[in-house]
Structures are given as C-alpha cells and as structure tokens.
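Asker: Next comes the sequence, and after it the predicted model I'd like to discuss.
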Amino acid sequence: MKTRSHPYSWRLAAAGMVAAAWLAAPRAAYAIPAFAAQTGEPCSACHIGFPQLTPYGRDFKLEGYIAGGTFPTWKNFAVMSQIGWTQQHDKVPGGLQPGFKSNDAWAAQQTSLFYGGALDSAIGLGAFVQVTYDGVARQWSWDNTDIRLARPGSLFGHPLFWGITLNNNPAVTDLWNTPPSWGYPYIPSGLANAPAASQQIASLAQTVYGAGVYGALNVTPSDMIYAEADLYKSLPQRMGYALGAGGGPKIDGVAPYLRLAFQHQWGNSSIEVGSYALMDRVYPTGVASGPTDQFFDIAADTQFQYITHNQAFSVQANIIHESQDWAASYPLGSVSNRADSLNVATITLSELLYQKFGITESFNTIYGNSDPVYYGNANGKPNSNSWTTELDYYPFNDGGPKWLPWLNAKFFVEDTVYPIFNGLAHNYDGQGTNAQANDTLFAGVWLAF
C-alpha cells in the first residue's frame, strides 16, 4: 500500500476544521429532539453532550421514557443524521468501502428516524424505537429498540422502580455508557478499517429480539442497586432480512443476559461499579442444526461523573472477557483451537465545558490467544490497540434558533492512532502493511432534530 509522504499533515487539518466549526456555528439556541420536546427540558438535562446520560437522563430511561408525556404526539418523533469525512493514513485501493474513494471520502453514513417517549404514561408504558438508513451499505434496517413498562413500588420499605423491557440488543437497556451498546466511540467512521476481532455481546445487536425484567432499589437516598435479566432469541431468517439485519448468528434456544450495578451519588458527583454477562450457543455460519459453539462474555465496568452547569467530567472503564468453545467449528476446520479467549478493554475520559466545548481521550485494547485459521493474519492473534482523541463543539446544547427550537448538533473531529492492528505493529497481513496504515482522521457533524 502507498504511504503518504507527510503522514502528520492530517492532524494539522483536524485543528483547522475544529477552529472553523467553532467560528462558523450559530451561537443562539434551544436543543430539543424527541425526549427533550416531551419533558420541556434542554438536551443538556439528560445528556453530557450526547449520548452520555446524566443522573436525570438515567432516571428518565429507568422510569420508562414517560416523564412529561401522556400519549404519542408529533413531538415524539425525531430525525438524526451523521455526516462525516474520513481520511486514513494510507489509501485503500478500490475504495475505503464499495462505491467510495480510496481516501478522503465523505459519507452521510447514518440517518435515523426515532420515536421516543410515552405510549401510555398512566400505566408507565414508553418506548425508544430507531429505524436507520446506512449510507455506507445503502440499506434501511431496524436499529436500537427498547419498549418499557415501568412501575414504582417498594421492597423492604425502600423505594423500588421495576419494569419489563422488550428490546433487540443486549445492554441497549443500560443506564450507563460503559457497555458496547452505548460506549465509546459514540460515532465511529463507517468507512475506515476497523479491527477484525469482535465479541458476541456486540455482534448480536439487532439480530436478536428479547424480553427482560429490571429493578432499581434505592437502599438509601444516595445509593441504588440495579439488576436486570433478559432472554434473547435469534430473529427468524426471513424476518432478519426483512428488517435489514441480515442472517446474523443463529442462536440455539435462548441467550441469557444478566446485569448488576451499584451507584452512589453525592453532591455533583456519581459513581457506578458493576458487571454484566451473556451466554449463547451459536451454530456455525450456514448451519441450522447439530452441534453448536458456546460463547460466554463476562464484564466489569465503572463510571464516574462530576457535573455542574459549566463543567461535566466523566470517566468510563469497561473490560469484557469472552470464553469461546468451538465444539462445532473445530471439527469443521474453521478454527485452529478447540477453545479460545478474547478480551476487550476500554477506558474513556471526557470533559465538557460551558455546554459547548468537549474533549475526549479514549484507549481501547483487544487481545487474545493465537488462532491462525480463525483470524487469518500474520501471527494469528486478534490484538489491536488504539488511542482516540476527539474535539467537539455543541452550538445548541443550551438553546436553539427560533425557527427550529428542537435542533441539536455536534461538530466533531476524531483522530485514531493504531500502535497495533490485527495482531502486529508491522506487516500484520503478511503483505507489508503496518498498523499505522489504519490511523484515521474522522470529522463531521452529528445532527438531531
């Protein structure tokens, strides 16, 4: 692959684009897509920028998306679009993705229609439903969906909020921004190369449907224990294709998902520590009966937030260990080992000042044992490390133009650097390509209205 003669010029371009966005963006504002329109609160009440949830945002989700609403109105519908420009360190012959340039490419990579809010607040019924057009794959699909029936109660004399959820993504129900469903990166490039290895808890999104129960017990006014249990099944094949989710992994029976977390709040601060787990038995690709492979994902996570009107600082840390038992794939020769393991860890720090200016630094590492047949790279390992620095500008977090009072926007620049990619720092594919070739600059705007 061809390497540019000035590999750091794009970092200078990043600074220029952020400066231009800050100078050009409107200054007045009132930012309200669907949930904010229902509650009458600005987006900053529920989010640190977006999509990180504040304590108020977590309560709103926990209680079934019904605050401030009664039944559906036109205000419960919203539109989102993510438009970005991608530049990799090295060009990709034939295009970053099919139909796109080999580098320096623009894409309206995601456009979504949402319903968000009360369905019947009298019984505690509300929903978050998303349908998305993928501008890279050029197809529509159903996206994150969470329909809840939530009720207040008590347990051993302590306040309890409990509910039932119907959803299509393990951990999409989560209140914290640590699991893959809501974790960083919040808006990755849809055109850039990404590490090949992935875990079940992320790959099942939208290819399954499930139901669960949850409860949040306030053992003191400052301390909450949260627990959730869900069961997931694979979408029937025809339905999966009809909904744009493709075939997806086919689960044998049901896949249980469990979540447990503890949250403590004091003053302007809150901290959460918890764990979650998913286990499923999956048929090899193209097989619908017989032996299955087994995956067990177990995670530990924590989140800290300090929030005032002029400052919001947050830290998220998450690690997932996946045990892979290839009882079905190993006899077929699809893997080298009878069993493997795969680990993914992420730590993210972010700061938002004056509800306008954001900076994020995130480190992600993927590591596991060697399986040359499964991973197919030079040393057979899944290992990848990346550092991402992001700068953001939110022109409408505290208010918006009178002609579109529910508009919100995020101008962003992300710089991702890979010291290791798909197993190695150098020649990871056996064809002379180095990890640095995948370093990515991604810049654009995320609109919601």
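Answerer: Good, I have the coordinates. Numbers count the residues shown, from 1 in each chain.
Asker: In this structure, where is pLDDT below threshold?
Answerer: Across the chain, residues meeting the criterion (pLDDT under 70) sit at 1-33, 399-400.
Asker: what are the ranges of the helices in it?
Answerer: If you assign secondary structure with DSSP state H, the helices in the chain sit at 9-24, 34-39, 43-46, 55-62, 200-203, 237-242, 329-332, 372-375.
Asker: just the strands in the stretch 201-350 of the chain please.
Answerer: Using DSSP state E, counting those that start in this stretch, the strands of the stretch 201-350 of the chain run over residues 208-220, 223-234, 250-251, 255-266, 269-283, 293-307, 311-325, 339-353.
Asker: Turn those into CSV, including distance to N397 and mean neighbour count.
Answerer: In short, each C-beta sits where N, CA and C put it, glycine included. Below are the strands of the stretch 201-350 of the chain laid out as CSV (distance: least, CB to CB, whole Å; neighbours: other CB atoms under 10 Å):
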stretch, distance to N397, mean neighbour count
strand 208-220, 27, 18
strand 223-234, 27, 19
strand 250-251, 40, 22
strand 255-266, 22, 18
strand 269-283, 20, 19
strand 293-307, 13, 20
strand 311-325, 10, 19
strand 339-353, 8, 19
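Asker: Same list as before, these that is, but in JSON lines and with distance to F50 included.
Answerer: Compiled in JSON lines, the strands of the stretch 201-350 of the chain are given as follows (distance: least, CB to CB, whole Å):
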{"stretch": "strand 208-220", "distance to F50": "23"}
{"stretch": "strand 223-234", "distance to F50": "22"}
{"stretch": "strand 250-251", "distance to F50": "32"}
{"stretch": "strand 255-266", "distance to F50": "21"}
{"stretch": "strand 269-283", "distance to F50": "18"}
{"stretch": "strand 293-307", "distance to F50": "14"}
{"stretch": "strand 311-325", "distance to F50": "12"}
{"stretch": "strand 339-353", "distance to F50": "10"}
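Asker: P98 is nearest to which of these?
Answerer: With CB to CB as the measure, strand 250-251 is the member of the strands of the stretch 201-350 of the chain nearest P98 (26.0 Å).
Asker: Neighbouring strands - and their directions - for the closest one?
Answerer: Strand 250-251 has its sheet partners listed here by DSSP bridges as strand 269-283 (antiparallel).
Asker: Give me the distance from the strand it pairs with to the chain's centre.
Answerer: Here the centre of strand 269-283 is set off from its chain's centre by 14 Å, with CA atoms, centre = their mean, to the nearest Å.
Asker: try stretch 281-298
Answerer: Between the mean C-alpha position of stretch 281-298 and that of its chain there is a distance of 24 Å (CA atoms, centre = their mean).
Asker: So which residues make contact with it?
Answerer: Counting by CB atoms under 8 Å, 6 or more residues apart in numbering, stretch 281-298 makes contact with 199-201, 249-253, 255, 275-280, 320-329, 331-332, 334, all of which sit outside it.
Asker: Straight-line length of stretch 43-62, end to end?
Answerer: When the termini of stretch 43-62 are compared using CA to CA, to the nearest Å, they are 17 Å apart.
Asker: quick one: contacts of it?
Answerer: By CB under 8 Å, 6+ apart, the list of residues contacting stretch 43-62 from outside reads 31-33, 35-36, 39, 41, 67, 128, 150, 161, 163, 175-177, 182, 186, 216, 265, 270, 305, 307, 312, 314, 350, 352, 355, 358, 392, 394, 396-398, 408, 410, 446, 448.
Asker: F295 and A202, how far apart?
Answerer: Using CB to CB, to the nearest Å, one gets 11 Å for the distance from F295 to A202.
Asker: L160 and G153: what is the separation?
Answerer: As for L160, its distance to G153 is 5 Å (criterion: CB to CB).
Asker: Surely Y354 and Y393 touch.
Answerer: No. In terms of CB atoms under 8 Å, Y354 does not count as a neighbour of Y393; the distance is 10.9 Å.
Asker: Of these two, give the one with the bigger neighbour count.
Answerer: In this comparison of Y354 against Y393, neighbours counted by other CB atoms under 10 Å, the higher total goes to Y393 at 22 against 12.
Asker: excluding its backbone neighbours, what's nearest the more buried one?
Answerer: The spatial neighbour of Y393 that comes closest, neighbours along the chain excluded (CB to CB, 6 or more residues apart in numbering), is F411 at 4.4 Å.
Asker: Ok, A211 next?
Answerer: Nearest one to A211, counting by CB to CB, 6+ apart, is L166 at 5.3 Å.
Asker: so the one you found bridges to which residues?
Answerer: With beta bridges defined as DSSP bridges, L166 has these partners: I147, A211.
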